[in-house]
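A.B. asks: predicted coordinates and the sequence they were generated for:
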Amino acid sequence: MKRLITILLSIIMLFTALSITAYGAVKAPSAPKVNAVSSTVKTVTLKWKKVNGAAGYEVYSYSKKKYKKLASVKTVKYTVKKLKPSTGYIYSVRAYTKSGKKKKYSNYSKLVKVATLPVKPGGLRCASKTFTTVTLNWNKVSGATNYTVKYSTDSVLKSNVKTAEAKTNSVTLEGLSDGKSYYYSVCANYKYNKKIYSSEFSEKAVAVTKTIPDKSKVNVTLSKSYQTIDGFGTSSAWNFQKIGARSSADKIIKYLYDPSAGIGLNIYRYNVGTGSRRDDSIYDYWHRTDGFIKSIDPETKKITYDFTKDAEAQNCLKLAKKYAGNSLRLTLFHNSPPVEMTVNGKAFCNSGVSNLASENFGLYSDFCIGVADYFVKQGYRVTDISPVNEPIYGWDGNNQEGCYYEPEQLSQLLAIMASKAKGKSYKISMFEAGAAEAELENGETPLNIKYFKAITGNKTNSAYYDSVSVHSYWSNKERKAAFRSFINKYNPNMKIACTEYCQMTNDGSTGVYDISSPLAVNDPERNGLGIEYGLQMARTVYEDLTVLNASEWDWWLGVSNGYYPDGLVYIDHNDSDDSVVLTSKRLWCLGNFSRFIKEGAKRIEVTSVNDKVLSCGFKNPDGSVALVLINTTENNYGTNICLDGYSSYKTYITSASKDLAYSTGGTFEKGSAVSLPAKSVVSVIITK
């Protein structure tokens, strides 16, 4: 028995030794050689040579000096999926042999650095063109290092193809032949490890219309239209109650509202008073206002009115109707609720706390509607009530009336007003935001958007309000575009009314900041009477009409008596000489719009080859076309108006030496020439 056990143990030891010897005899395979690498937008494919004796392979990613196993495969190819476009990656492969369940690995292959491709660009379009150049834009591709544009007169981009490189998603191609059509395509590039990875070229080459042989050509396209225009106006704030009883009142209002001798405004923004006239805590007497309230019954809350108040301002309104006619649009705007209704009995707040208690929301609504109904009975065409002005601000100063509201408070107030005004011939304005913007530089959402969302979140409000009023302060072109885009997402048919603007000396978007802000407060030139101020105001009007698609545009003060660029017409600063009436170039530059663009006009497509000239156009209800061309440069330009089907034209110029003066006119043919003097605004009126 002992001998049998000894024999068995010997056999076991022999097989164990043979097994160990056999495993130890298995050699580690050679490291694979990756000989092909390819990538797409979201994948990378690795290929390597077969390793003799290898049972399989493992694929690894490499980052921060660490290998991470991705897959184990039997083939000599592997595709890594779900990667980010325009991104660099590092990979390695190693082979292994097997003995039983155990593996023996080769060394890692050499590190392979490869990148995914950028996304194919989209949105390729022509931004501008001259007789030998074309500027192209396209949508930005995330992660792209640069772009390659190919172009040719061959529509399939096969022959005579040229290329151009661009660091951003825009390029200007020069040296083109005039009168020819060019075709374009673009790809995005990503540079990684000294190698360029390129996307596919845009799927279809974009054909651009013929380059324009005339540098100054202006194209008018009647078939492409935008918003309907309600008109242009100014407010009666602060000084109309000063001039209404004066002999100069007729002359001043004529400048503003006469369509022949003046600038033909058709919107009058009447400043409904609060009753703060005797409140000397508002230190400027002319910033206080008379109120129409005689009494309020404490039990029934019935309001008794006294419309003999504010007689001078009402006289100015009568004069405006005299010159503008019965079609004059009247907006009744309120800087604050009447002092009889406010929490502190004043027309301004205490430290940014709302000055109107919620239990008085209905009472204030009744007051606003009562005032509107009075003016309707007097024969005025009341179109709007604006009960709230710039509610986001604290209004706790001592220089101006104002009332702060929290977003939900304002939503509640406007819902009550909408309900009470239902069926009336006029509308309640949603609110007057202090700036037209949708996102600040730091990425924060501005307060006016928070208010808008709170207001429209109410079902009554969302069903009633089809327009939002904004002020053009603090808003550059980009911010305005973002705001219009925001409104379009909510409701593309919602109107935007630009209801207030002046060239505040601390507003960097005015275009005259550098020449207005350093001046002394008592310097008469601070009024900004000169053409530079008029041109920059015209630029603001142009941007609001073409970027915001504004249906209405209003300047702040029709009449000013201060040393500040906030007026269209100026009276004596010391209030001692009634004969002093000065007109600013802002007045006449605004007239280049307001005298010729009629209520009901449609903005139409207008493009100018000369990028130094701002151009916009409108088709009036009578079929005439009004173009406004703004030349802010020191150079004189000529332009040719390309429009079919019209027979005559007239031009009117505002410049340093001319105030909305007739310049030239006559028979109109397609391509008729118009002169654009340096630093001027030119209106071209084209009729059939």
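C.D. replies: Nice, thanks for sending it over. Residues are numbered from 1 along each chain as shown.
A.B. asks: spit out the contact partners of Asp514.
C.D. replies: Counting by C-beta atoms under 8 Å, 6 or more residues apart in numbering, Asp514 touches no other residue. C-beta here means a position set from N, CA and C on the backbone, and glycine is covered the same way.
A.B. asks: let me see the contact set for Ala482.
C.D. replies: Residues in contact with Ala482 (C-beta under 8 Å, 6+ apart) are 437-439.
A.B. asks: again with Tyr652
C.D. replies: When contacts are counted by C-beta under 8 Å, 6+ apart, Tyr652 touches 592, 595-596, 660-663, 682-683, 685.
A.B. asks: quick check: PyMOL command selecting the buried ones in those residues.
C.D. replies: Applying 16 or more other C-beta atoms under 10 Å to those, the buried members can be selected in PyMOL as follows:
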select buried, resi 592+595+596+660+663+682+683+685
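A.B. asks: can you redo the contacts of Tyr652 as CSV with pLDDT and secondary structure?
C.D. replies: Conversion of the contacts of Tyr652 to CSV gives the following (pLDDT from 0 to 100; DSSP: H, G, I helix; E, B strand; the rest coil):
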residue, pLDDT, secondary structure
Asn592, 98, helix
Arg595, 98, coil
Phe596, 98, coil
Leu660, 98, coil
Ala661, 97, strand
Tyr662, 97, strand
Ser663, 95, strand
Val682, 98, strand
Ser683, 98, strand
Ile685, 98, strand
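A.B. asks: out of the contacts of Tyr652, which comes closest to Cys187?
C.D. replies: Ranked by distance to Cys187 (C-beta to C-beta), the contacts of Tyr652 are led by Val682 at 42.5 Å.
A.B. asks: mind listing what's buried along the helix or strand encompassing Ala626?
C.D. replies: Using DSSP states H and E, Ala626 sits within strand 625-631. Neighbour-count burial for strand 625-631, with 16+ other C-beta under 10 Å as criterion, is recorded at 625-631.
A.B. asks: ok, residues contacting the following helix or strand past it?
C.D. replies: Using DSSP H and E, the next helix or strand after strand 625-631 towards the C-terminus is strand 637-642. The set of residues external to strand 637-642 that reach it, using C-beta under 8 Å, 6+ apart, is 214, 216-220, 608, 610, 612-613, 627, 629, 631, 649, 668, 670-676, 684, 686.
A.B. asks: next helix or strand past strand 637-642?
C.D. replies: Next helix or strand after strand 637-642 toward the C-terminus (DSSP H and E): strand 648-654.
A.B. asks: sheet partners, orientation included, of that next one?
C.D. replies: According to DSSP bridges, strand 648-654 forms sheet pairs with strand 661-667 (antiparallel), strand 680-687 (antiparallel).
A.B. asks: what are the ranges of the strands in the stretch 51-200 of the chain?
C.D. replies: 56-63, 66-73, 77-80, 88-99, 102-105, 112-115, 125-129, 134-137, 146-152, 162-166, 170-173, 182-192, 195-198 (DSSP state E, counting those that start in this stretch).
A.B. asks: need the winner for burial among those.
C.D. replies: Burial of the strands of the stretch 51-200 of the chain is given as mean neighbour count (mean count of other C-beta atoms under 10 Å); strand 182-192 ranks first at a mean of 22.
A.B. asks: now the angle from that strand to strand 125-129?
C.D. replies: Relative orientation of strand 182-192 and strand 125-129, computed by axes from the mean of the first three to the mean of the last three C-alpha atoms, to 10 degrees: 110 degrees.
A.B. asks: excluding chain neighbours, what is closest to Lys427?
C.D. replies: Among residues not flanking Lys427 along the chain, Asp384 sits closest, at 5.6 Å (C-beta to C-beta, 6 or more residues apart in numbering).
A.B. asks: now do the host helix or strand of that neighbour: which elements does it pack against?
C.D. replies: Here Asp384, judged by DSSP H and E, is contained in strand 381-386. Secondary-structure packing of strand 381-386 (3 or more C-beta pairs under 8 Å, 6 or more residues apart in numbering; DSSP states H and E): strand 329-333, helix 361-377, strand 427-428.
A.B. asks: those: which one's closest to Gly264?
C.D. replies: Using C-beta to C-beta, the helices and strands packed on strand 381-386 put strand 329-333 closest to Gly264, at 12.7 Å.
A.B. asks: tell me what angle the closest one forms with strand 381-386.
C.D. replies: Between strand 329-333 and strand 381-386, the angle comes out at 30 degrees (the same axes, to 10 degrees).
A.B. asks: low-confidence regions, the stretch 401-550 of the chain specifically.
C.D. replies: Scanning the stretch 401-550 of the chain with the threshold set as pLDDT under 70 gives 441, 517-526.
A.B. asks: what are the boundaries of the helices in the chain?
C.D. replies: Along the chain, counting by DSSP state H, helices occupy 2-25, 240-243, 249-257, 311-324, 361-377, 407-420, 447-456, 459-464, 477-490, 513-516, 531-546, 585-594.
A.B. asks: so which of those is the most packed in?
C.D. replies: Among these, helix 585-594 has the highest mean neighbour count (mean count of other C-beta under 10 Å), at a mean of 27.
A.B. asks: can you spell out which helices and strands pack onto it?
C.D. replies: For helix 585-594, the packing partners by 3+ C-beta pairs under 8 Å, 6+ apart come out as strand 231-235, helix 531-546, strand 552-560, strand 567-571, strand 648-654, strand 680-687.
A.B. asks: and the angle from the last one to strand 637-642?
C.D. replies: An angle of 20 degrees separates the directions of strand 680-687 and strand 637-642 when computed by the same axes, to 10 degrees.
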